[in-house]
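> predicted model and sequence follow; I will ask about them next.
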Amino acid sequence: MSAAALLCLLGTLLWLASVGFAQQPSGDNLLPDPGFENPEAQAWRGTPGWVTLDDSTAASGRRSYCLKTAPEYALVHLEMTQPLALQPWCWYEVSYADRIELPVHLDFYLTETDGAGLTFSRTRSQYGPRFPPPGQFGRVSFRFLTRPSVKQFRLTVNAPCRSPRFLPGRVWLDDLSLRLVGPAESASLQELLLFDPSFESTGFFGYAFREEYVTMLSPTAKAGSKILRKAQGQDGKFILELVEKETDTYGHLYRAAIWARGEGSCFVNFPVQGNVFYDYDPREAAQRFPLDKTEWRQVYLDMVVDRPGVELTGINVWFWGEVEFDLARLTRLR
C-alpha cells in the first residue's frame with residue numbers, strides 16, 4: 001500500500017471513530033423485555049388484534065411480535081409502555097431481528113422529550129429484501145445521536161403497507177437491543193451565512209411558493225431598518241437559502257431561527273438533501289412559540305444530524321395568519 005493510500009485509510013478510520021462507528025456498543029441492553037418472553041411485564045403494546053405475540057415464530061426464545069397489515073389496517077405499530085432515560089449527546093445503537101413479508105416495511109420512531117417538555121421524533125426505515133429468504137430472520141442495526149437536552153426517550157415501531165393495493169403482509173420482530181456506544185464529539189459554535197437574513201435589500205431574495213413578499217421600513221425592526229411580510233393575504237411559506245450549503249453535517253446539531261410577530265402561528269424547519277426525516281407534526285410545532293402582535297419572539301428548531309449524506313441548504317419558514325419577520329439565523333450549535 002502506498003503512503004498516500006495509507007494516509008487516506010488512516011483518515012477514514014479516524015473519521016469513523018470520531019462519529020461513533022468504530023466504537024462498539026457497551027453495557028446492558030436498556031430495553032425492557034427485549035425478546036418478548038415475559039408478556040406479564042406489559043413492557044410493550046401494539047395495535048389491538050393486529051399486533052400479537054406469536055408463540056410459533058422466533059429468532060430466539062419462544063415468541064416474537066407479529067405485526068400484520070391488511071386493507072382495513074394499512075399501518076400498525078408496537079411501542080414501549082414506559083419511556084427511558086438516556087444520556088444526552090451520546091451515540092446509541094438499536095439492533096433487532098426481523099422477518100418481513102413484502103410489501104410491509106418497518107419504521108422506527110425515536111421520540112425524545114427535552115427539559116422543557118417539548119417532543120421531537122426521528123425516523124429510521126427498514127425495507128424488506130427484494131427476495132427475502134422464506135422463514136428466516138435477518139439482523140439489522142442502526143445508530144442515532146441523542147439531543148443535548150434529552151430527558152425521556154421512547155421507541156416505537158410502525159409497520160406500514162405501502163403497496164397501492166394494500167396487499168396483506170406480516171413482519172415479525174424479535175431480540176430488540178438498545179445499547180450505549182459513547183459520547184459524541186462537539187464542534188465549536190458557528191453561524192452559517194444566509195442571503196440577506198435581516199431583509200435589508202430592496203427586494204426579497206428568498207424562495208417563495210408562488211407568493212409575493214415585500215420588505216418594509218419599520219422603526220421597530222428587530223435588526224436593521226426593514227422587516228418582511230406577505231404582500232397580500234394570510235398563510236404562507238418561504239425559504240431562506242445559505243450562501244454556501246453545508247455538506248459536513250454528520251454528528252452535528254443545528255438551529256434554524258427567525259424572529260416573528262403578529263396574529264397567528266409560525267414554525268421553522270430545514271430544507272435538507274439526503275435521507276432524513278424530521279421532526280414533528282406542524283400543528284404541534286406552531287404551538288411551541290406563541291406569537292404576539294407587538295413583541296418580537298424568536299421561533300426556532302434544533303435538528304440533530306445523525307446519518308451521513310445530509311446536505312443543509314437553508315431554512316423553511318411556515319406561518320398561518322398575518323405575521324411579520326426579521327433576522328433569520330442558521331447556527332451550528334455543536
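Arrived safely.

> need the pLDDT of the residue nearest in space to the middle of the chain.
Centrality entry for the chain: nearest residue to the mean C-alpha point is Arg122, 2.9 Å, by Cα atoms, centre = their mean. Looking at Arg122, its pLDDT is 87.

> how about it, nearest residue that isn't a chain neighbour?
Closest residue to Arg122 apart from its sequence neighbours, by Cβ to Cβ, 6 or more residues apart in numbering: Leu110 at 4.8 Å. The C-beta positions use only the backbone N, C-alpha and C, and glycine is treated the same way.

> and that neighbour, how many residues sit next to it?
Neighbourhood size, Leu110 [other Cβ atoms under 10 Å]: 23.

> any low-confidence regions in the stretch 1-150 of the chain?
Along the stretch 1-150 of the chain, the parts satisfying pLDDT under 70 run over 1-22, 126-134.

> if you set the cut-off to 50 instead, what comes out?
1-20 (pLDDT under 50).

> just the strands in it please.
Along the stretch 1-150 of the chain, counting by DSSP state E, counting those that start in this stretch, strands occupy 44-46, 51-54, 64-69, 75-80, 90-100, 105-114, 119-127, 138-145, 150-160.

> in contact with Asp326, which residues?
Going by Cβ atoms under 8 Å, 6 or more residues apart in numbering, Asp326 touches 198-199, 221-224, 226-228, 258-260, 296.

> tell me the pLDDT at it?
For Asp326, pLDDT reads 98.

> what strand or helix carries it?
Assigned by DSSP states H and E, Asp326 belongs to strand 311-332.

> partners of that strand, with directions?
strand 190-192 (antiparallel), strand 226-230 (antiparallel), strand 236-246 (antiparallel), strand 252-269 (antiparallel), strand 272-273 (antiparallel) (DSSP bridges).

> tell me which residues in that strand are buried?
311-320, 322-330, 332 (16 or more other Cβ atoms under 10 Å).

> could I get the CA-only coordinates of that strand as PDB?
Only the C-alpha atoms of strand 311-332 are listed here, as PDB (Å, rounded to 0.1, in the frame of the first residue of the first chain):
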ATOM      1  CA  GLU A 311     -26.800  18.500   3.000                       C
ATOM      2  CA  LEU A 312     -28.100  21.600   4.700                       C
ATOM      3  CA  THR A 313     -29.300  24.300   2.300                       C
ATOM      4  CA  GLY A 314     -31.200  26.900   4.300                       C
ATOM      5  CA  ILE A 315     -34.400  27.500   6.400                       C
ATOM      6  CA  ASN A 316     -38.000  26.800   5.800                       C
ATOM      7  CA  VAL A 317     -40.500  29.300   7.400                       C
ATOM      8  CA  TRP A 318     -44.200  28.300   7.600                       C
ATOM      9  CA  PHE A 319     -46.900  30.600   9.000                       C
ATOM     10  CA  TRP A 320     -50.600  31.000   9.400                       C
ATOM     11  CA  GLY A 321     -52.300  34.300   9.900                       C
ATOM     12  CA  GLU A 322     -50.700  37.800   9.500                       C
ATOM     13  CA  VAL A 323     -47.100  37.600  10.600                       C
ATOM     14  CA  GLU A 324     -44.000  39.800  10.200                       C
ATOM     15  CA  PHE A 325     -40.500  38.500  10.200                       C
ATOM     16  CA  ASP A 326     -36.900  39.700  10.800                       C
ATOM     17  CA  LEU A 327     -33.400  38.400  11.500                       C
ATOM     18  CA  ALA A 328     -33.200  34.800  10.400                       C
ATOM     19  CA  ARG A 329     -30.300  32.700  11.600                       C
ATOM     20  CA  LEU A 330     -28.800  29.200  10.900                       C
ATOM     21  CA  THR A 331     -26.300  28.100  13.500                       C
ATOM     22  CA  ARG A 332     -24.200  25.000  14.100                       C
END
